[in-house]
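Asks: A structural model of the following input is requested.
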Amino acid sequence: MRGGRDTREEILASAEELLLKRGFNGFSYQHIAVKLGIRNAAIHYHFTTKEDLGVALVRRYRLRFLSWTDETAATQVSAFEKLVSYLQTYIDYLEGRWRICPVGIFGAEFDAIPDLMRREAQMLMRDVYEWMVMTLQEGRRDGSIAYEGDSRDKAMEVAAALQGALQFASIAGRERFEQVFRQIALGLQPASAKRSDAVSQAA
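Replies: Sure, this is the predicted structure:
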């Protein structure tokens, strides 16, 4: 017999998989129940309403993201490498057969998801955006990132390009996303790094 904590985690894991495949409004408790071989009542025990489940899902993503940023901050890599590591997570979604990341799903369904979930989604998006702003600013200081204009504007440009590229990849294939990935990375590299790469490739 499953323990209460294990069942809750299994429900969240199953809901996350369904979210990434179908969107929040594309699955029901019945989908989770069938997948896990449990009754709907078992899901309602842990999450009285689907809104409760949705809030828990967004919080799960927030905690995962914040944990990742803490781990990344503790490393000795440059700001550019941190940003590339974040960009790589989008490729991971593609390799996992998902065509859109959670932030993109919550953004696309924002007007259709419950109020409490919407607030949590706003906090998740704020966390991602603020981290990107700080990383871009750090990159300017350590010399690993170069760009024109305000860091907040650049963070929004990068975030929008990533989301758009993921959606485009669902139609045109992963290689189209990788084209955008390369252009973002290339556009943020200082001129000295670009020259170094060119020399390495020519050698």
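Asks: Where does the closest residue in space to Met156 that isn't next to it in sequence sit, in terms of helix or strand?
Replies: Spatial nearest neighbour of Met156, excluding adjacent residues (CB to CB, 6 or more residues apart in numbering): Tyr129 at 7.3 Å. Every residue, glycine included, has its C-beta placed from N, CA and C. Assigned by DSSP states H and E, Tyr129 belongs to helix 115-142.
Asks: Just the buried residues of that helix, please?
Replies: Using 16 or more other CB atoms under 10 Å as the test for burial, helix 115-142 gives 117-118, 120-121, 124-125, 127-129, 131-140.
Asks: ditto for stretch 14-33
Replies: By neighbour count with 16+ other CB under 10 Å, stretch 14-33 contains the buried residues 14-15, 17-20, 23-24, 27, 29, 31-33.
Asks: any idea which of those residues is least confident?
Replies: Among those, Leu20 carries the lowest pLDDT, at 85.
Asks: Please report how far that one lies from Pro114.
Replies: Leu20 sits 19 Å away from Pro114 when distances are taken as CB to CB, to the nearest Å.
Asks: Likewise for Glu17?
Replies: Counting by CB to CB, the gap from Glu17 to Pro114 is 20 Å.
Asks: Domain map for the chain?
Replies: 1-48, 54-202 (automatic domain parsing).
Asks: Check those for me: which has the lowest mean pLDDT.
Replies: domain 54-202 (a mean of 86).
Asks: from the middle of its chain, how far away would that domain be?
Replies: A distance of 7 Å separates the centroid of the chain from that of domain 54-202, by CA atoms, centre = their mean, to the nearest Å.
Asks: do stretch 13-25 as well
Replies: 14 Å.
Asks: contacting residues around that stretch?
Replies: By CB atoms under 8 Å, 6 or more residues apart in numbering, the list of residues contacting stretch 13-25 from outside reads 26-27, 31-32, 35-36, 53-54, 57, 60, 93, 96, 98, 100, 102, 105-106, 108-109, 112-113, 117.
Asks: Can you tell me which of those residues are buried?
Replies: 27, 31-32, 35-36, 53-54, 57, 60, 93, 98, 100, 102, 105-106, 109, 113, 117.
Asks: ok so, going back, so which elements touch the helix holding Tyr129?
Replies: helix 50-73, helix 79-95, helix 102-108, helix 151-172 (3 or more CB pairs under 8 Å, 6 or more residues apart in numbering; DSSP states H and E).
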